[in-house]
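Enquirer: Generate coordinates for the sequence data below:
(one chain, ligands or ions: 1)
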Amino acid sequence: MGKLVLGLDLGTTGNRAIAFDASFRPVAQAYAEFTQHFPRPGWVEHDPFEIWDTVLTCIRRVSREVNAADIAAVAVTNQRETTVLWDRETGRPVHNAIVWQCRRTAERCAELRAKHADEVHRRTGLVIDAYFSATKIAWVLENVPEARALAGQGRLLFGTVDTWAIWNLTGERVHATDPSNASRTLLYNIVEGRWDERLVELFGANGVVLPEVRPSLSLFGTTQKEILGREVPIAADLGDQQAALFGQGGFSPRSLKNTYGTGLFLLVNTGTRLALSDKLLTTVAWQKEGQPLQYALEGSAFVGGAAIQWLRDGLNLIESAAESEAMAGSLPDNEGVYFVPALVGLGAPHWDSSARGMFLGLTRSTRREHLVRAALEAMAFQTRDVIEALPREVRGEIRALKADGGATANNWLMQFQADILGIPVERSAVAETTALGAAAAAGMTVGIWSQEEFLASQRVDRVFTPTMGRGRAEELYARWREAVTRAKGWGA
Ligand code: ADP
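Expert: The predicted model follows:
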């Protein structure tokens with residue numbers, strides 16, 4: 001079988017381990033869900049030990065299916081921003097992990113935003129939001145006495161889930177992260193490529209030990225012998241969306257990918273150029289050993305495929321997500337029916353937490369099919385909104401959109417997306433681009449795989465080329481823009 005790389009994809013609802021072979025194909029995989037804790041409305045937590053246990057379970061299952069001696073490297077990719085704080089001496093977390101989705105620090109963020117938005121944006125590329133790690137750290141320091149005590153003794157370690165996993169994989173020897181994860185904390189200066197004291201002070205994270213930031217493609221240590229029977233190098237660490245861009249072969253500036261999952265996550269590689277945008281986030285894409293930081297612009301819509309889930313589970317309008325494809329295709333046109341999926345407000349590029357969901361244009365002839373079609377169309381329109389918000393010089397260079405994620409199974413959606421954008425949409429043949437991207441990065445770090453081989457292996461499942469007239473596409477899009485203006489501020 002030759003050399004394998006084990007990609008660990010530590011997601012929000014579960015962890016996954018996949019062993020890839022030298023042709024970048026998955027040869028064995030395991031997935032384990034873990035518990036979501038909702039202690040109050042809007043609060044979301046995970047048990048760090050349950051995260052670690054499920055990682056181990058997945059590794060054990062995969063290593064039984066392959067010859068573990070063939071595993072040349074381990075790669076880590078993870079849900080970003082989620083915050084774990086633990087005691088260096090005992091390895092015990094002082095609180096559950098506070099998940100990126102958790103809104104407990106929203107008020108604090110609003111206060112800070114009023115005063116410091118510009119300065120923080122210039123240093124981090126981010127907006128001050130509860131989504132990112134910094135105010136989650138401050139919350140634990142303020143609310144957990146043990147955390148304060150340990151911080152006072154210099155024993156309180158901070159990490160995102162990659163750091164927590166690497167700490168445990170290495171037998172508590174390595175406390176490290178990479179710039180793609182660090183750039184999601186609000187504490188990392190993306191211009192200078194280092195933790196920023198001023199930000200640590202501003203967000204009240206003093207006293208916490210921040211992980212060492214190493215290049216994304218570099219050696220982070222070795223796994224403890226018991227885990228895979230021998231020590232195996234951990235040779236890549238990337239945030240999940242950045243790993244997906246890597247997994248789609250998005251190495252060159254202007255490469256663009258959109259992931260259609262629960263939300264929509266669009267990333268554009270901007271190379272070594274740090275582009276700031278008032279509508280999109282600037283983030284580190286990755287860093288290779290001895291090379292400068294590579295940057296990306298990111299636009300995330302909170303509700304993408306989740307709207308289809310909601311039609312299924314909330315409204316009982318459909319029985320399966322897959323059914324939406326035939327329903328949308330059964331109509332010649334949207335007949336003026338639009339859906340703005342602002343179910344939790346609107347993310348990029350609108351950033352309106354007071355927006356609320358809306359169906360518009362309903363008449364006596366409106367049927368279930370119209371509502372379902374409108375929810376699919378909304379994914380394509382939201383994607384266009386993000387692309388429209390890209391700086392002109394980036395947008396002008398875009399030739400195609402690489403698509404991955406669960407909802408790309410929907411052919412109707414992919415075709416409509418190509419029509420609305422007026423560029424081809426290339427659907428990835430690999431479902432797990434996140435784990436693949438991290439694994440490919442690790443294979444390159446240990447020198448068993450090359451970037452050229454990886455690019456040559458990239459397989460597109462299907463290309464959807466635009467067929468709709470541009471005039472019609474622009475009409476539909478203009479109507480959507482109008483629908484969005486009506487939904488804004490509704491919940492204020
Ligand atoms: P995540 O990684 O965010 O959990 P996935 O990439 O697994 O998401 O995609 C699941 C999402 O895709 C769900 O929100 C689901 O409603 C949506 N989805 C799955 N299949 C289809 C389909 N055929 N048409 C439209 N949406 C779909």
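Enquirer: OK, now which residue of the stretch 151-300 of the chain is nearest to the ligand?
Expert: residue 261 (2.7 Å; C-beta to the nearest ligand atom). The way it works is simple: take the backbone N, C-alpha and C, and place the C-beta from them, glycine included.
Enquirer: which non-adjacent residue is nearest that residue?
Expert: Closest residue in space to residue 261, ignoring its immediate chain neighbours: residue 405 at 4.3 Å, by C-beta to C-beta, 6 or more residues apart in numbering.
Enquirer: Report how many residues lie close to the one you found.
Expert: Residue 405: 23 surrounding residues under other C-beta atoms under 10 Å.
Enquirer: Which single residue in the protein comes nearest to the ligand?
Expert: Nearest residue of the chain to the ligand (C-beta to the nearest ligand atom) works out as residue 406 at 2.0 Å.
Enquirer: correct me, but that residue touches residue 260?
Expert: Yes. Judged on C-beta atoms under 8 Å, residue 406 makes contact with residue 260 at a distance of 6.8 Å.
Enquirer: The ligand contacts on the stretch 201-350 of the chain?
Expert: Residues of the stretch 201-350 of the chain found near the ligand (C-beta under 6 Å from any ligand atom) are 261-262, 305-306, 308-309, 321-322, 324-325.
Enquirer: Mind giving me the ChimeraX select for the residues you listed, buried ones only?
Expert: Selection of buried members from these for ChimeraX, criterion 16 or more other C-beta atoms under 10 Å:
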select :261,262,305,306,308,321,324,325
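Enquirer: Out of the residues of the stretch 201-350 of the chain next to the ligand, which comes closest to residue 487?
Expert: Nearest to residue 487 among these, counting by C-beta to C-beta, is residue 306 at 16.1 Å.
Enquirer: wait, is the closest one part of a helix?
Expert: Yes. Under DSSP: H, G, I helix; E, B strand; the rest coil, residue 306 sits within a helix.
Enquirer: How about it, nearest residue that isn't a chain neighbour?
Expert: residue 262 (4.7 Å).
Enquirer: Counting neighbours, what do you get for residue 431?
Expert: If you count neighbours by other C-beta under 10 Å, residue 431 ends up with 15.
Enquirer: what do you get for residue 333?
Expert: Residue 333 has 10 neighbouring residues, counting by other C-beta under 10 Å.
Enquirer: Likewise for residue 151?
Expert: Residue 151 has 22 neighbours, counted by other C-beta under 10 Å.
Enquirer: Likewise for residue 287?
Expert: Using other C-beta under 10 Å, residue 287 has 22 neighbouring residues.
Enquirer: Who does it form a beta bridge with?
Expert: Beta-bridge pairing of residue 287 under DSSP bridges involves residue 293.
Enquirer: tell me the least confident of the residues of the stretch 201-350 of the chain next to the ligand?
Expert: Least confident entry in those, by pLDDT: residue 262, with 85.
Enquirer: What is the worst-scoring helix or strand of the chain on mean pLDDT packed up against?
Expert: Within the chain, no helix or strand scores below helix 392-395, which has a mean of 84 by mean pLDDT, DSSP states H and E. Packing contacts for helix 392-395, counted by 3 or more C-beta pairs under 8 Å, 6 or more residues apart in numbering; DSSP states H and E, involve no helix or strand.
Enquirer: That one: how far from the chain's middle?
Expert: How far helix 392-395 lies from its chain's middle: 23 Å, per C-alpha atoms, centre = their mean, to the nearest Å.
Enquirer: Let me see the residues that make contact with that helix.
Expert: Helix 392-395 is contacted from outside by 254, 268, 270, 275, 297, 387-388, using C-beta atoms under 8 Å, 6 or more residues apart in numbering.
Enquirer: Those into CSV, with extra columns for pLDDT, secondary structure and neighbour count?
Expert: CSV is the format used below for these (pLDDT from 0 to 100; DSSP: H, G, I helix; E, B strand; the rest coil; neighbours: other C-beta atoms under 10 Å):
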residue, pLDDT, secondary structure, neighbour count
254, 87, coil, 17
268, 95, strand, 28
270, 93, strand, 22
275, 90, coil, 17
297, 96, strand, 27
387, 95, helix, 21
388, 95, helix, 14
